[in-house]
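1. Output the structure for:
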Amino acid sequence: EAIDQCNNQLFIEGDQLFKEGDYHAAKEHYTHAATGLGEEGQRRFAAHLRLACVYCKIGDYVDADQSLLQALQHHHDTDTSLRLIKLLQDVLNKNQRLQTDDAAAKRKIDECVTEVMARVTATHSIG
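-> Modelled structure (predicted):
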């Protein structure tokens with residue numbers, strides 16, 4: 001029970017750090033909280049989605065893609081994960097083709113991340 005309370009607090013603090021724009025600290029909090037969580041806990045907290053959003057904000061689209069693949073594998077918010085992964089794959093594919101004009105795609109990712117985090121923090125209970 002104490003571990004569950006600590007995880008709750010880490011997610012709460014991570015969400016606050018995310019809102020404040022301290023994405024690296026939010027990533028640390030989410031990573032620590034998600035470590036050792038079972039399938040139900042990961043789903044309840046949308047751990048993979050939170051991590052994917054943080055990775056997007058820091059520009060690490062490869063790790064964001066991997067987090068979303070884990071979310072899909074475990075059937076966590078499938079529609080949301082699919083929408084964000086499509087945007088990420090567009091940017092990743094452009095980078096592989098050495099196209100540098102992807103500001104619009106990155107802006108779409110950022111808008112999607114904002115929507116995802118608003119929904120995740122509202123619908124995935126902590127506490």
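
2. contacts, neighbours, all on C-alpha from now
-> Fine.

3. Of all the residues in the helix or strand bottoming out on mean pLDDT in the chain, which ones are buried?
-> Taking mean pLDDT, DSSP states H and E as the measure, the helix or strand of the chain with the lowest value is helix 78-96, at a mean of 82. Of all the residues in helix 78-96, those buried under the rule 16 or more other C-alpha atoms under 10 Å are Thr80, Ser81, Leu84, Ile85, Leu87, Leu88, Val91, Leu92.

4. what do you get for stretch 46-59?
-> Ala46, Ala47, His48, Leu49, Arg50, Leu51, Ala52, Cys53, Val54, Tyr55, Cys56, Lys57.

5. Kindly provide the whole-number mean pLDDT of that stretch.
-> Averaging pLDDT along stretch 46-59 yields 94.

6. Just give me how far that stretch sits from the chain centre.
-> In terms of C-alpha atoms, centre = their mean, to the nearest Å, the centre of stretch 46-59 is found 2 Å from the chain centre.

7. picking up where we left off before, which residues does the least confident helix or strand of the chain contact?
-> Helix 78-96 has contacts (C-alpha atoms under 8 Å, 6 or more residues apart in numbering) with 49, 61-62, 64-65, 68-69, 71-72, 100, 102, 105-106, 108-109, 112-113, 116.

8. and if you look at stretch 28-42?
-> Cys6, Asn7, Asn8, Leu10, Phe11, Glu13, Gly14, Ala47, His48, Arg50, Leu51, His74.

9. For the residues you listed, work out which two are farthest apart.
-> Maximum pairwise distance in these, criterion C-alpha to C-alpha, is 24.6 Å, between Glu13 and His74.
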